[in-house]
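> Dropping the sequence and predicted coords here.
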Amino acid sequence: ECPSIQVLNLECNKIEDPAVVDLLAKMPNLKCLYLKGNDCVKKIRNYRKVLTARLPKLTYLDDRPVFPKDRERAEAFVA
């Protein structure tokens, strides 16, 4: 677990394994994440919804904010 990480930029780092989501989920205070430009993004079905649902404090993903309505939809989608 990495409780101190709030902002993480992993853009264009050649990350291929979609299991990166499990690692990110161990960062309970992650608020801002940049993951675009990695192959794993294409491999994670419904990428934005999945990350929004798995990362409860996320407020910004790649180039867009995560609004409360986005979170509601994402959580309903993955439930």
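It's in.
> Helix, strand, or coil at the nearest residue to Val20 once chain neighbours are set aside?
The shortest distance from Val20 to any residue other than its chain neighbours is 5.4 Å, reached at Cys40 (Cβ to Cβ, 6 or more residues apart in numbering). C-beta: built from backbone N, CA, C; applies to glycine. Following DSSP: H, G, I helix; E, B strand; the rest coil, the label given to Cys40 is helix.
> Cys40 reaches Glu16, doesn't it?
Yes. In terms of Cβ atoms under 8 Å, Cys40 counts as a neighbour of Glu16; the distance is 5.7 Å.
> Which one of the two is surrounded by more residues?
Cys40 (18 against 13; other Cβ atoms under 10 Å).
> need the contact list for that one.
Contacts for Cys40 were tallied using Cβ atoms under 8 Å, 6 or more residues apart in numbering; they are Ile15, Glu16, Asp17, Pro18, Val20.
> and with 10 Å instead?
For Cys40, the contact set (Cβ atoms under 10 Å, 6 or more residues apart in numbering) comprises Leu10, Asn13, Lys14, Ile15, Glu16, Asp17, Pro18, Ala19, Val20, Val21, Tyr47.
> Could you measure from it over to Pro18?
Separation of Cys40 from Pro18 (Cβ to Cβ, to the nearest Å): 5 Å.
> Identify the contacts common to these two.
Listed as contacting both Cys40 and Pro18 by Cβ under 10 Å, 6+ apart are Tyr47.
> what's the neighbour count on Glu11?
13.
> Which residue would you name as the spatial centre of this protein?
When Cα atoms, centre = their mean is applied to the chain, the residue found nearest the centroid is Leu51 (3.6 Å).
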